[in-house]
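Asks: can't give you the sequence, but here's the structure:
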Ligand code: M6R
């Protein structure tokens, strides 16, 4: 939920850390701070409420020299987002500085005990408790910083990725993780550490993803050491990054979100590349091939996810039930983990997550594994925690998604679910070959069809002017259009702050219809489907109450366009693939409305890209 970064080497740390913070800002942007040790061994901390740019302004004219430092961009959990609660935090003596991403759940008990020993706290954060605890152990046991961190972390309950520096030890950074991500980059005579690899890639492609309860002892002129909390030495596993720097830039677009919407034809091609083969009429997902029997014989599929990924999961439910005839439950990870779910050993759990770091999904996976289920991950971020904690899985391969509102990750998650459903159905012989081939070949045409939708960007931008001042929206869909409706509503509310509700269209008359009047825009997903005629009846009901209708229709549609106030056309396609097309104009509509309202589209208020806390 926060972004952390560190540097030790021969270069000036400040510019590297600031640039890295900008890359990590999507993870939280309530405040930012930096700690540096200069050549005279002074340990300075500079912090500012707000964005990294505010920190840069605050640091002007200050001593920002030094070749070792740590920095943080915060999404507030404990304590309001102000300057005092910003990280890094000093220990009482100001000899140590620490940054943290996660939550120390037992911080209150630890704080009380330290207070009784005379420790005084400046902030309301759980993090300050940890740095004080490390100092207390270090001085009390007369031990080195690495041992003090180990001993302190043994007392901690919760999630953490931390980095600590010590004034008297300017050649050393100690970093550790549990349930929050941390990557160490290995350069030539220099080391980097960060919450993800994006700040590291321009300096080195050699990284080590720390595992839970591992501590990295990063010494300026020595090889990296990794130990666990019991001081047992671990062999560092070096991974080569496959990311390119261009993927981290806006590439001429005003926002990452718009760039990512426009990337979808390419990202879907990448996602399907080597998997969908129209030539030999096959789909090959290695995760399914390797576990064929499990998928054929499974009793039930449980899909676990949060937010947009949960919406993709709902589409997965429709796909698996339609094609594979396997019963499916789609669960919010946060609900599943606390409601004593019944999990069988022959259930398959599919965890869907862009970041691969969502805390609730990770916890729900653990629960499923303990019950003996086979767990499959659909994730985007390579090397993240979910792929490392699942039995098998498929990456979505869309490259870094930086806009907080998920767009290209969603369409790729749906594409992976389509590929999974089709290949399992073929193995189970629950899909006629002709149908399999028809959907397969249409799937390969989807990227091209998205390109034609994107050509309507100017028209959708014009349409957005009509709706910019609406206070509420309703999004309605049925069948495969229902998850699209709730995803469209989520996109609008999270970036424009307009209240929007997504609903199954037929459920409208059981309550929400009371909301409809001549001021209420109603977005209907009215593409060709088995419930198309029923949808027309629902549109009549809205019209009768003077609701303003914006309909997503197929190119071949003639009935709905007669009734709707405004329409956006998408190409005709197979019903089961329609979400891959119908979501695109809704992404654009939300984007343009948010821009017109002057919102910070890529970093909407109160949100962060990956939710690594409960
Ligand atoms: O990284 P994940 O896919 O696990 O994240 C889940 C949600 O936090 C995420 O989809 C969130 O809802 C997005 N902001 C939606 O645009």
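Replies: Sure thing, it's come through. Source: prediction; values computed, not measured.
Asks: going along the chain, name the strands of the stretch 251-400 of the chain.
Replies: For the stretch 251-400 of the chain, the strands defined by DSSP state E, counting those that start in this stretch cover 276-277, 282-283, 300-305, 328-332, 347-353, 374-379, 392-395.
Asks: close to the ligand: what parts of the protein are there?
Replies: In this structure, the chain approaches the ligand at residues 306-309, 353-355, 358, 361, 404-406, 490, 494, 610-611, judged by Cβ under 6 Å from any ligand atom. C-beta here means a position set from N, CA and C on the backbone, and glycine is covered the same way.
Asks: mind telling me which residue of the chain is nearest the ligand?
Replies: Residue of the chain nearest the ligand, by Cβ to the nearest ligand atom: residue 307 (2.0 Å).
Asks: just the strands of the stretch 251-400 of the chain: most buried one?
Replies: Among the strands of the stretch 251-400 of the chain, strand 347-353 has the highest mean neighbour count (mean count of other Cβ atoms under 10 Å), at a mean of 28.
Asks: please name every helix or strand in contact with that strand.
Replies: Contacts defined by 3 or more Cβ pairs under 8 Å, 6 or more residues apart in numbering; DSSP states H and E place strand 347-353 against strand 300-305, helix 307-319, helix 359-370, strand 374-379, helix 408-428.
Asks: need the ones you listed in JSON lines with mean pLDDT, can you?
Replies: Below are the helices and strands packed on strand 347-353 laid out as JSON lines (pLDDT from 0 to 100):
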{"stretch": "strand 300-305", "mean pLDDT": "98"}
{"stretch": "helix 307-319", "mean pLDDT": "98"}
{"stretch": "helix 359-370", "mean pLDDT": "94"}
{"stretch": "strand 374-379", "mean pLDDT": "97"}
{"stretch": "helix 408-428", "mean pLDDT": "97"}
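Asks: as JSON lines, those with distance to residue 85 would be great.
Replies: Converted to JSON lines, the helices and strands packed on strand 347-353 look like this (distance: least, Cβ to Cβ, whole Å):
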{"stretch": "strand 300-305", "distance to residue 85": "31"}
{"stretch": "helix 307-319", "distance to residue 85": "26"}
{"stretch": "helix 359-370", "distance to residue 85": "20"}
{"stretch": "strand 374-379", "distance to residue 85": "31"}
{"stretch": "helix 408-428", "distance to residue 85": "31"}
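Asks: out of these, flag the one nearest residue 130.
Replies: helix 359-370 (18.0 Å; Cβ to Cβ).
Asks: follow-up on the earlier one: of the residues of the chain next to the ligand, which is the most crowded?
Replies: residue 353 (34 neighbours; other Cβ atoms under 10 Å).
Asks: hey, where'd the helices end up in the stretch 451-600 of the chain?
Replies: Ranges of helices in the stretch 451-600 of the chain, per DSSP state H, counting those that start in this stretch, are 457-467, 481-496, 532-544, 559-563, 578-596.
Asks: redo those helices as a markdown table? Include mean pLDDT.
Replies: Converted to a markdown table, the helices of the stretch 451-600 of the chain look like this (pLDDT from 0 to 100):
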| stretch | mean pLDDT |
| --- | --- |
| helix 457-467 | 96 |
| helix 481-496 | 97 |
| helix 532-544 | 92 |
| helix 559-563 | 93 |
| helix 578-596 | 98 |
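Asks: so for stretch 193-209, what's the average pLDDT?
Replies: Confidence over stretch 193-209, taken as the mean pLDDT, stands at 94.
Asks: same check, this time on stretch 82-89
Replies: Looking at stretch 82-89 alone, the average pLDDT works out to 93.
Asks: one more: stretch 513-524?
Replies: 91.
Asks: surely residue 473 is in contact with residue 519?
Replies: No: with contact defined as Cβ atoms under 8 Å, residue 473 does not reach residue 519; the gap is 10.8 Å.
Asks: what residues are up against residue 350?
Replies: Contacts for residue 350 (Cβ atoms under 8 Å, 6 or more residues apart in numbering) come out as 301-304, 313, 316, 375-378, 420.
Asks: at 10 Å what do you get?
Replies: Taking Cβ atoms under 10 Å, 6 or more residues apart in numbering as the contact definition, residue 350 lies against 301-305, 313, 316, 320, 328, 330, 368, 374-378, 390, 393-394, 416-417, 420.
Asks: can you check residue 247 too?
Replies: Residue 247 neighbours (Cβ under 10 Å, 6+ apart): 198, 201, 259, 263, 398-402.
Asks: give me the low-pLDDT residue ranges for the chain?
Replies: Applying pLDDT under 70 to the chain picks out no residues at all.
Asks: contact partners for the residue located most distally from the centre of the chain?
Replies: The C-alpha centroid of the chain is most remote from residue 142, which lies 41.5 Å away (Cα atoms, centre = their mean). By Cβ under 10 Å, 6+ apart, the contact list for residue 142 reads residue 148.
Asks: secondary structure element for residue 20?
Replies: Element membership of residue 20 [criterion: DSSP states H and E] is helix 13-24.
Asks: returning to that earlier point: and the residue farthest from the centre of the chain, how far is that from residue 57?
Replies: 41 Å (Cβ to Cβ, to the nearest Å).
Asks: circling back: now the contacts of residue 247: which count as buried?
Replies: Among those, the ones that count as buried by 16 or more other Cβ atoms under 10 Å are 198, 201, 259, 263, 398-402.
Asks: let's see which of those residues end up in helices.
Replies: residue 259 (DSSP state H).
Asks: ok, so of the buried ones among the contacts of residue 247, who is nearest residue 35?
Replies: For those, the nearest to residue 35 is residue 198 (20.9 Å; Cβ to Cβ).
Asks: just give the nearest non-adjacent residue to the closest one, would you?
Replies: What sits nearest to residue 198 in space, not counting adjacent residues and going by Cβ to Cβ, 6 or more residues apart in numbering, is residue 23, at 4.4 Å.
Asks: now do residue 188
Replies: According to Cβ to Cβ, 6+ apart, the nearest residue to residue 188 is residue 204 (8.0 Å).
Asks: my read: that neighbour touches residue 189, true?
Replies: No: at 11.2 Å, residue 204 and residue 189 do not qualify as touching, with contact defined as Cβ atoms under 10 Å.
Asks: the helix or strand containing residue 165 vs helix 359-370, what angle?
Replies: Taking DSSP H and E as the criterion, residue 165 maps to strand 158-166. Orientation of strand 158-166 against helix 359-370 (axes from the mean of the first three to the mean of the last three Cα atoms, to 10 degrees) gives an angle of 120 degrees.
Asks: buried sites along the helix or strand just after strand 158-166?
Replies: Downstream of strand 158-166, the first helix or strand assigned by DSSP H and E is strand 169-178. For strand 169-178, the neighbour count (16+ other Cβ under 10 Å) marks 169-170, 172-178 as buried.
Asks: so what touches stretch 109-125?
Replies: Outside stretch 109-125, the residues within contact range by Cβ under 10 Å, 6+ apart are 74, 76-80, 82-87, 89-92, 100, 104, 107, 126, 128-133, 135-136, 140, 152, 155-157.
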